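A.B. asks: pasting a predicted model and its sequence here:
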Amino acid sequence: MEKNLLIEEEIQQKAYALGIEKLGIIKPEAMLDYADRLRERMERLPNGEAIYGRFIRFADVQKNIPWTKSIIVAVFHYGHYNITKEMGDRYGKSYLVDSRFNEDSPERQMLIAFEDYLHSLGIKTASNEHPGITAMRWAAYKAGLGIIRRNNFFYTEKGSWVGITAWATDKEMELIGKHSLEECSVNCNKCIKACPTKSLSSPYTMNMITCVSRLSTSNDMDSYNDETNRQMGGWVYGCNVCQEVCPRNKNKWENKDIFPGLIDIQQFLSPAQIMNLSYEEIEKYLTPKFFYINKESLWRWKLNAMNVMINEYIEEHKKEYMASIQLALEDKYEIVREKARWALNKFGLL
Ligand code: SF4
Ligand code: SF4
């Protein structure tokens, strides 16, 4: 027992030395009650089973990886990167500094170094960057590293701007962390009130189907109805609203470090710039970072960009926006041409 504790502490110390913010280790059984939480959530939503049913598999890690004896959960802070207001108002911040599949990212290198360290101890591991081996937020909560707030995001003392990774291991271990966080005030509903699509309808109840983060990254051939498009406002890819309005995130974003490669693609991120990109350029510059929109659905980028232009149509941008939308009349995808025609009609220009 004592020997195991020593190994667990050593692992934690190594993680902290590498820059991981928090680390805990849980038994695989600790995740089983995730299925109950998920079922409760499904019952609260119409169509809940269809939306969330596929995540039930995350509860039983041993079923998926039979040799699992423990799960190591690491939380790392990404809220230290410099993100301009223009980018943060249009893109989900977690996507702008996403370390998954990005070999140049310090966080990615840190996690690889940590995994190498585990292997050097003779510990076998399994992980994957997306979608992961288990339900990350619940695993981090069960490991005592923080709490899940009413907006469904996981928080540490550094706010919700944190990433979570987990490894299944073949070694029996347990190390439950500590935190100093208080639950949300029962009177606070800022995140719920601010959600542009009302996807977050009550505490801990979010309909993924209508969340802007899902709508704007969907690969389904759907152009959505007028009301949904309007609610999506100025978001091109993802949404930060329920995190930005949260008082527990106040002053938590540090805006100091440069994320590798972000400056290089900054010139392609505005709606007008997206409309001017060819699909080859979108695939080259945007797809590697924003991988939820796959290579077969690149038309989603043009729909999203046009949607922002339509929602933010003001005299000041009129010339630039109309030129971009005119271009889309010749797009190779009918769904894009259709939206361009609709927009020009709406503004009396066709
Ligand atoms: S990410 Fe945006 S759309 Fe989704 S629940 Fe939060 S506020 Fe609502
Ligand atoms: S906005 Fe209020 S209710 Fe929502 S997560 Fe933050 S503290 Fe909790």
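C.D. replies: Nice, I can see it. Numbers count the residues shown, from 1 in each chain. Ligands and ions are numbered 1, 2, ... in the order given.

A.B. asks: now the helices for the stretch 1-150 of the chain?
C.D. replies: In the stretch 1-150 of the chain, helices defined by DSSP state H, counting those that start in this stretch lie at 2-18, 34-44, 48-52, 61-64, 85-88, 93-96, 106-120, 136-142, listed in chain order.

A.B. asks: name all residues that make contact with whatever residue of the stretch 201-350 of the chain ends up closest to ligand 2.
C.D. replies: Per CB to the nearest ligand atom, residue 246 is where the stretch 201-350 of the chain lies closest to ligand 2, at 3.2 Å. All C-beta atoms are positioned from the backbone trio N, CA, C, and that covers glycine. Residues near residue 246 by CB atoms under 8 Å, 6 or more residues apart in numbering: 149, 151, 153, 159, 160, 190, 191.

A.B. asks: any idea how far apart the tips of stretch 166-184 sit?
C.D. replies: When the termini of stretch 166-184 are compared using CA to CA, to the nearest Å, they are 26 Å apart.

A.B. asks: what of stretch 229-245?
C.D. replies: By CA to CA, one end of stretch 229-245 lies 22 Å from the other end.

A.B. asks: buried residues, stretch 80-93. List them.
C.D. replies: Within stretch 80-93, the residues that qualify as buried by neighbour count (16 or more other CB atoms under 10 Å) are 81, 83, 87, 90, 91, 92, 93.

A.B. asks: nearest to residue 242, of those residues?
C.D. replies: For the buried residues of stretch 80-93, the minimum distance to residue 242 (CB to CB) is 11.1 Å, reached by residue 92.

A.B. asks: model confidence at the closest residue to the closest one other than its chain neighbours, what's the number?
C.D. replies: Spatial nearest neighbour of residue 92, excluding adjacent residues (CB to CB, 6 or more residues apart in numbering): residue 238 at 2.2 Å. Residue 238 carries a pLDDT value of 98.

A.B. asks: report the separation between residue 238 and residue 63.
C.D. replies: Counting by CB to CB, to the nearest Å, the gap from residue 238 to residue 63 is 31 Å.

A.B. asks: give me the more crowded residue out of the two.
C.D. replies: The residue with more neighbours, out of residue 238 and residue 63, is residue 238; 20 against 10, by other CB atoms under 10 Å.

A.B. asks: could I get the contacts of residue 246 in a markdown table, plus columns for distance to residue 338, neighbour count and pLDDT?
C.D. replies: Putting these into a markdown table (distance: CB to CB, whole Å; neighbours: other CB atoms under 10 Å; pLDDT from 0 to 100) gives the following:
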| residue | distance to residue 338 | neighbour count | pLDDT |
| --- | --- | --- | --- |
| 149 | 40 | 23 | 98 |
| 151 | 35 | 25 | 98 |
| 153 | 35 | 22 | 98 |
| 159 | 41 | 20 | 98 |
| 160 | 37 | 25 | 98 |
| 190 | 37 | 18 | 98 |
| 191 | 34 | 25 | 98 |
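
A.B. asks: farthest pair within those residues?
C.D. replies: Counting by CB to CB, the most remote pair of the contacts of residue 246 is 159 and 190, 14.2 Å apart.

A.B. asks: just the contacts of residue 246 that are near ligand 2?
C.D. replies: 149, 151, 190, 191 (CB under 6 Å from any ligand atom).

A.B. asks: the third one and residue 208, how far apart?
C.D. replies: What that stands for is residue 190. In this view, residue 190 and residue 208 are 21 Å apart by CB to CB.

A.B. asks: how about residue 71?
C.D. replies: 24 Å.

A.B. asks: the more surrounded of these two?
C.D. replies: Taking other CB under 10 Å, residue 71 and residue 208 do not tie; residue 71 has more neighbours (28 against 16).

A.B. asks: up against ligand 1, what does the chain have?
C.D. replies: Going by CB under 6 Å from any ligand atom, the residues of the chain near ligand 1 are 195, 196, 197, 199, 200, 206, 211, 212, 213, 239, 241, 242.

A.B. asks: got the residues of the stretch 151-300 of the chain near ligand 2?
C.D. replies: Within reach of ligand 2 by CB under 6 Å from any ligand atom, the stretch 151-300 of the chain has these residues: 151, 184, 188, 189, 190, 191, 245, 246, 247, 248.

A.B. asks: okay, strands next: where are they in the protein?
C.D. replies: In the chain, the segments counted as strands under DSSP state E are 22-26, 70-77, 125-126, 147-148, 154-155, 162-169, 200-202, 205-206.

A.B. asks: and the fourth one, anywhere near ligand 2?
C.D. replies: Yep, that's strand 147-148 we're talking about. No: with CB under 6 Å from any ligand atom as the criterion, ligand 2 is not reached by strand 147-148; the gap is at least 9.2 Å.

A.B. asks: quick check: domain ranges of this protein?
C.D. replies: If you go by automatic domain parsing, the domain ranges for the chain are 2-83+93-169, 197-238+267-346.

A.B. asks: which of the ones you listed sits closest to residue 257?
C.D. replies: domain 2-83+93-169 (5.2 Å).

A.B. asks: just give me how far that closest one sits from the chain centre.
C.D. replies: Its chain's average C-alpha position is 13 Å from that of domain 2-83+93-169, according to CA atoms, centre = their mean, to the nearest Å.

A.B. asks: contacting residues around the residue most central in space within the chain?
C.D. replies: In the chain, the residue lying closest to the centroid (CA atoms, centre = their mean) is residue 94, at 5.4 Å. Shown in contact with residue 94 (CB under 8 Å, 6+ apart): 78, 161, 163, 238.
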